[in-house]
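1. Here is my input; please provide its structure:
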Amino acid sequence: MASQAELPRKTRELMNHHLDSRVWNAFPFRPNDVIVATYPKSGTTWMQQIVLQILSKGKLEIPLHTISPWLDSRVGMERHLAMLSGQKHRRIIKSHLPLDALPYRPRPKYVYVARDGRDACFSLYNHLSNATDFYFNMYNHMPGRVGPPLMRPGPDVRAFFLQWLEDSDRAASPYWEHIRSWWEARHVENILLVHYADLKRDLTGQIRRIADFLGNTVPTEDWPTVVEHCTFDYMKAHANLFVEAPEMIFKGGAQAVINKGFNGRWRDALTDEDVATYEKLAVEKLGAQCAKWLSNGTTNGH
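-> Here you go, the predicted structure:
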C-alpha cells in the first residue's frame, strides 16, 4: 500500500484538439465511481464494456455512450456532466488522461489499460484513416482548441508510426509520459493496471480479477453471459452499441471502429531497425521493468 506521500496528485492540465483536463477540477466524485483510463486505442471501449457487464451481471445490452461518457472530451462535455449528475447507479467514466493530469481520490476505483505502443499506434492509424471529414471538423473547428489541428494520416502506415514515435515525447498527449504516470502508481490500492495482451490471452481470468478489484460478486449462473458480452466476436456483431453516430463519424460505420483487435500488425510494416528504435526508447523512457510489462503484459503489472 502506498504511503500518503506517494499517492498520486494532479500537477498539470492537458489540452489538445480532443482533450480538456480542466473538466475534472470541480467534478463531484462519488465514492463508488469507476474511472476507466487509457492512452487512446488501448482497449478503452473493451474495458468500459467489461466493467458495465460486471456491474450489471451481464443484464445490460445498451449503447455504451448512453451510460459511460468520455468526460475529458471537448465534444459533448456539458451533456456528459449532466448525464453523470443524473445517474443513480454506480458510474463508469472514461478518460484518456495521464494520471498526473487527472485528480486522484482515495475511494473511487481507477482501472488503467495499457497496450504496446506499436499496437496502439497501428490501431490509431486505422481509426484516423477511417474517420470522416465530419469527425476532423468536429474536433478541429470547435471553439477552444489548443495546439495544432488533428490531421488525416497519409497512405503509409510506417511513415505514420515513425512520426508518432518522433512525437511521442512532444505531442499534447505523450505516450511515454502517459504510461509512466500510471505505472508509477501501480501499488496504489484503488488503482488497477490491466494489459491489453492479458485480456486477449485470458479474458475470463482478467474479468474475474477486475470484478474482485471492483468488489463485485457475479453469480455463477451469470458468468457465461458476462464473459460472452465482453468477447470480441460479440462486440463486433453488436458494433452499433459501442460507437456514437457511427455513420457520421467513420467510413464504414461502427464496423470500421470495432476493427480487428489484433496485436502485432506492425510486424509486417516495420523494419528491424524501427523495432529496435522503439524498444530502446521504451527502456530509456520507462525503465526495463515497465518496458518489459508494456511489451508482454503480466497479471499484476509488476
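
2. what about Thr271, how many neighbours?
-> For Thr271, the number of neighbouring residues by other CB atoms under 10 Å comes to 10. To be clear about C-beta, it is placed using only N, CA and C from the backbone, and glycine gets the same treatment.

3. Can you tell me the closest non-neighbouring residue to it?
-> Excluding the flanking residues, the one nearest Thr271 by CB to CB, 6 or more residues apart in numbering is Arg158, at 7.9 Å.

4. From what I see, that neighbour and Val275 are in contact.
-> No. With contact defined as CB atoms under 8 Å, Arg158 does not reach Val275; the gap is 11.3 Å.

5. sorry, back to before: report the contact partners of the residue nearest to Thr271.
-> By CB atoms under 8 Å, 6 or more residues apart in numbering, the contact set of Arg158 is Ala269, Leu270, Thr271, Asp274.

6. Show me which of the residues you listed are buried.
-> Among the contacts of Arg158, those buried by neighbour count (16 or more other CB atoms under 10 Å) are Ala269, Leu270, Asp274.

7. Might you list the low-confidence residue ranges for the stretch 151-300 of the chain?
-> The model of the stretch 151-300 of the chain has pLDDT under 70 over residues 171-173, 244-247, 252-262, 299-300.

8. can you pull out the strands in it?
-> Using DSSP state E, counting those that start in this stretch, the strands of the stretch 151-300 of the chain run over residues 191-195.

9. The spatially closest residue to Trp164 that is not a sequence neighbour: neighbouring residues, count only.
-> Take Trp164 and drop its neighbours on the chain: the residue closest to it by CB to CB, 6+ apart is Cys121, 4.8 Å away. By other CB under 10 Å, 25 other residues sit near Cys121.

10. Check Cys121 and give its pLDDT.
-> Cys121 carries a pLDDT score of 95 in this model.

11. Surely it is in a helix?
-> Yes. Under DSSP: H, G, I helix; E, B strand; the rest coil, Cys121 falls within a helix.

12. Verify the contact between it and Gln163 for me.
-> No. Taking contacts as CB under 8 Å, Cys121 lies outside contact range of Gln163: 9.6 Å.

13. Look at Phe110 and say how many residues are nearby.
-> Rather than Phe, residue 110 is Tyr. When neighbours are defined as other CB under 10 Å, Tyr110 has 24 of them.
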